[in-house]
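*Asks:* Generate a structure from the sequence data that follows.
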Amino acid sequence: MDGPAADGILQYLTFKLEEEVFALDIGKVREVLDYTTVTKVPRTPEFMCGVINLRGAVVPVVDLRLKFGMATAEATVNTCIIIVEVAVEGEKTVIGAMADSVQEVIDLWRRISNRRRGSAPASTPISSAGWVSIGMSSS
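*Replies:* Coordinates of the predicted model:
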């Protein structure tokens, strides 16, 4: 395995919806766009905002607030669209995920070791399994 994960470092892009902080694997994130006009598509689920034109490609945009059962909110100067690449039925697909704001990229260190019988089980809580966050804001 190459890259940061091989060294036990995992990177995540953090973003906010309401006052909750969420994270996406940075390897899935292509870019972060300022909020732009989204063209509504008829007969789509409520959480589907519509589509945007991203350098000639039509990209569907999902309102994560609605998808996660939160109330809708007006766009602000911090509202953004996170462009991610995901696998849908085994095929790579690019979608936009609308978020209230992007916070930062955080590094999480994961202890990689050969576990012996009797050592901590795989279900050990993160706080006691060697995970450490670096660069988290205090807010």
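*Asks:* So for stretch 84-96, first residue to last residue, what's the gap.
*Replies:* Stretch 84-96 stretches 6 Å from its first residue to its last (CA to CA, to the nearest Å).
*Asks:* for that stretch, which positions count as buried?
*Replies:* Going by neighbour count (16 or more other CB atoms under 10 Å), the buried part of stretch 84-96 is 84, 95-96. C-beta coordinates here come from the backbone N, C-alpha and C atoms, glycine included.
*Asks:* For those, give me CSV that also has secondary structure and pLDDT.
*Replies:* Conversion of the buried residues of stretch 84-96 to CSV gives the following (DSSP: H, G, I helix; E, B strand; the rest coil; pLDDT from 0 to 100):
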residue, secondary structure, pLDDT
V84, strand, 95
I95, strand, 95
G96, strand, 96
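*Asks:* Roughly how far does the residue lying closest to D100 once chain neighbours are set aside sit from E85?
*Replies:* Leaving out its chain neighbours, the residue that sits closest to D100 by CB to CB, 6 or more residues apart in numbering is K16, at 4.8 Å. Using CB to CB, to the nearest Å, K16 is found at 22 Å from E85.
*Asks:* can you pull up the bridge partners for the residue nearest in space to the middle of the chain?
*Replies:* In the chain, the residue lying closest to the centroid (CA atoms, centre = their mean) is L24, at 2.5 Å. Beta bridges link L24 to L13, judged by DSSP bridges.
*Asks:* my guess is it contacts I83, does it?
*Replies:* No - L24 is not in contact with I83 according to CB atoms under 8 Å; the separation is 10.7 Å.
*Asks:* what sits in contact with each of these two?
*Replies:* Contact criterion CB atoms under 8 Å, 6 or more residues apart in numbering; residues shared by L24 and I83: A97.
*Asks:* Give me the helix or strand of this structure that scores worst on average pLDDT.
*Replies:* Within the chain, no helix or strand scores below strand 132-134, which has a mean of 30 by mean pLDDT, DSSP states H and E.
*Asks:* so where is the protein shaky, pLDDT-wise?
*Replies:* When residues are selected by pLDDT under 70, those of the chain lie in 1-7, 111-139.
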